[in-house]
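1. Need a 3D model of the following:
(chains A and B)
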Amino acid sequence: MRPSLPALALTGLAATTAAEAAELSLSVEIPQLQVTEYHRPYVAVWVERPDRSAAVNLAVWYETRNARGTTWLKDMREWWRRTGRELTMPADGISSATRAPGRHVITVDAGQGELSRLPPGQYNLVVEAAREVGGRELVRVPFQWPPAAQTGSAQGTSELGAVTLDIKP
Amino acid sequence: MKLRSMTRLALAAMLVLPLSAEAHRMWLLPSATVLSGNDPWVTIDASISNELFTPEIAMPIEALSVIAPDGTAGEAANPHRGRVRSTFDMQLRQPGTYRFVVAAEDVIASWMQDGQRRRWRGTREAMAAAVPANAQQLRVNLSQRRVETFATRGAPTQGALQPTNKGLELVPVTHPTDLAAGEPARFRLLLDGQPARDIEVSVVPGDSRYRDAENEAKFRADAEGVVTVTWRGPGRYWLGASVRDQNSGLPNVGRVATYAATLEVLP
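-> Here you go, the predicted model:
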């Protein structure tokens, strides 16, 4: 961000400095499901503004080995509408293969990439999962930016387990 | 036959013709409106029915046109006309929004001849030869119909959504494949390219077989032809509107211009 007013420039500078050191650690649990036909879920993780628009894409897990894997990206409905449909896949630094059931940790250096340019404000971290022959679930974890030391969590009930956000300023 | 020889009685008669064409709804129903991936396919059913979207009478699709995101004409694959429905497929090779259109116009005439009612339907050019000069109680109307639906691969685009400025049309304010339950949608209705001010738009949710009431909602456009539609929830909807006027381009012939679209509202 490049504010034109001196006062804003100062605020912006402070925010950037704070964000540079920050580390954002997210834990996403994919539950073990007792179903006849199991496919690993597609999962998208992004940062959402209060008006639900997408600010930063953090991760997309989809079927990368299958040439038709992108066909089902739209099943992550919210993500697709807010940001996914604008991306070209595979998306560098964002997309990767689907993950097995278990706990997965994503660590983001807030001083790099899009996150370093995130204006101060209130945001949600959003995790959306959609599974073939299964369901869809979306959870939100609110957080403040620039970050103070904070943790937040949300609990999925069907396609997601515990989602925990840990921010170190 | 010279149309100006029509009697004043005929003119009066066609003004009171009922809007009977609206009893049946024409629709194109896509298998999906929001798609991702490389060159996905959609399949589209075309039918005419009362119940939505239960096909009853196959809609002729000879007049089908497919408009690709770059504005060029696309060609549908596997067209088939059954008895109950017509169908065709389309592979979305370009990213963006495709528009599927069945637009047609007919002159519909009826008259008394030798004590019997005669009916004729055809092109404006063929009318003069088909309707006898001594036709009694002649009623003539021009029916201008446009039935549409939309499907988008990737991000929605506008290239296929340009109006022809002929008849009744819908142009997006809200994109027709970016509809979500809980978010009002706005569309502009145009009649011959001009805002269809104050026009009434009918919106009926699909799956009407599984409820007792039709649940038709009516919305009135403002002076700019812009209508704001609120949805009852996620699902597929039929949206329709109709205008009756004298702008058929033929002397003493009225016009009924109708527009219908199938729209998908996601949760």
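
2. so B:Y259 makes contact with B:L189?
-> Yes. The criterion here is C-beta atoms under 8 Å, and B:Y259 meets it with B:L189 at 7.1 Å. Using the backbone N, CA and C atoms, a C-beta is placed for each residue, glycine as well.

3. and for those two, which residues touch both?
-> B:L168, B:E169, B:L170, B:A241 (C-beta atoms under 8 Å, 6 or more residues apart in numbering or on different chains).

4. For the second one, list each beta-bridge partner.
-> What it means is B:E169. Applying DSSP bridges to B:E169 gives these bridge partners: B:L190.

5. how about it, what does it touch?
-> Applying C-beta under 8 Å, 6+ apart, the residues near B:E169 are B:R146, B:P163, B:L189, B:L190, B:L191, B:Y259.

6. Could you double-check that the third one lies in contact with B:V201?
-> Same thing as B:L189. Yes. Look at B:L189 against B:V201 with C-beta under 8 Å: they come within range, at 6.8 Å.

7. what touches both of the two?
-> By C-beta under 8 Å, 6+ apart, the residues touching both B:L189 and B:V201 are B:A221, B:V227, B:A241.

8. Show me which of those residues are buried.
-> With burial judged by 16 or more other C-beta atoms under 10 Å in any protein chain shown, the buried subset of the shared contacts of B:L189 and B:V201 is B:A221, B:V227, B:A241.

9. SS state for A:W80?
-> When classified by DSSP: H, G, I helix; E, B strand; the rest coil, A:W80 comes out as helix.

10. Skipping its backbone neighbours, what lies nearest it in space?
-> A:K74 (4.7 Å; C-beta to C-beta, 6 or more residues apart in numbering or on different chains).

11. pretty sure the one you found is in a strand, no?
-> No. Applying three-state DSSP, one finds A:K74 to be helix, outside a strand.

12. Surely it and B:S36 touch.
-> Yes. Counting by C-beta under 8 Å, A:K74 touches B:S36, with 4.0 Å between them.

13. sorry, back to before: where strands are concerned, which of the shared contacts of B:L189 and B:V201 count?
-> Taking DSSP state E, the ones among these that sit in strands are B:V227, B:A241.

14. Go through the shared contacts of B:L189 and B:V201 and say which is closest to B:A76.
-> Compare each of the shared contacts of B:L189 and B:V201 with B:A76 using C-beta to C-beta and the shortest gap goes to B:A241, at 25.5 Å.

15. which residue sits closest to the closest one in space, ignoring its chain neighbours?
-> Closest to B:A241 by C-beta to C-beta, 6+ apart is B:V201, at 4.7 Å.

16. before we move on, the earlier item: okay, and the common contacts of A:K74 and B:S36?
-> Once C-beta under 8 Å, 6+ apart is applied, the residues that A:K74 and B:S36 both contact turn out to be A:W80, A:G84, A:R85.

17. Can you convert these into JSON lines and add a column each for pLDDT?
-> Shown next, in JSON lines, are those (pLDDT from 0 to 100):
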{"residue": "A:W80", "pLDDT": "98"}
{"residue": "A:G84", "pLDDT": "98"}
{"residue": "A:R85", "pLDDT": "98"}
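
18. from those residues, which is closest to A:G69?
-> Distance to A:G69 across these (C-beta to C-beta) is lowest for A:G84, with 13.2 Å.

19. How many neighbouring residues does the closest one have?
-> A:G84 sits with 26 neighbouring residues when counted by other C-beta atoms under 10 Å in any protein chain shown.

20. so which strand or helix has the residue sitting nearest the centre point of chain A?
-> A centroid search over chain A (C-alpha atoms, centre = their mean) returns A:V45, at 2.2 Å, as the residue closest to the centre. Under the criterion of DSSP states H and E, A:V45 resides in strand A:42-48.

21. touching chain B at all, that strand?
-> No. Applying C-beta under 8 Å from any C-beta of the partner chain, one finds strand A:42-48 separated from chain B by no less than 10.4 Å.

22. about what we covered before: which of the contacts of B:E169 lies closest to B:D207?
-> Using C-beta to C-beta, these come closest to B:D207 at B:Y259, 22.3 Å.

23. quick one on the thing from earlier: check which helices and strands the strand holding A:V45 sits against.
-> strand A:23-30, strand A:54-62, helix A:77-82, strand A:121-130 (3 or more C-beta pairs under 8 Å, 6 or more residues apart in numbering or on different chains; DSSP states H and E).

24. circling back: contacts for the strand or helix carrying the residue nearest to B:A241?
-> Here B:V201 sits within strand B:200-205, counting by DSSP H and E. Strand B:200-205 has contacts (C-beta under 8 Å, 6+ apart) with B:25, B:52, B:187, B:189, B:214-221, B:227, B:229, B:231-233, B:235-241.

25. Would you show me how to pick out the buried ones of those residues in PyMOL?
-> To isolate the buried members of those in PyMOL, using 16+ other C-beta under 10 Å:
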select buried, chain B and resi 25+52+187+189+217+219+221+227+229+231+236+237+238+239+240+241
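
26. Next to chain B in this structure, residues from chain A, please.
-> A:67-74, A:77, A:80-81, A:84-86.

27. Relative to A:R131, which of these is nearest.
-> For those, the closest approach to A:R131 (C-beta to C-beta) belongs to A:W72, at 9.5 Å.

28. Bridging across strands, which residues link to the nearest residue to the closest one once chain neighbours are set aside?
-> Distances taken as C-beta to C-beta, 6+ apart place A:Y42 nearest to A:W72, at 6.1 Å, with adjacent residues excluded. Beta-bridge partners recorded for A:Y42 (DSSP bridges): A:A130.
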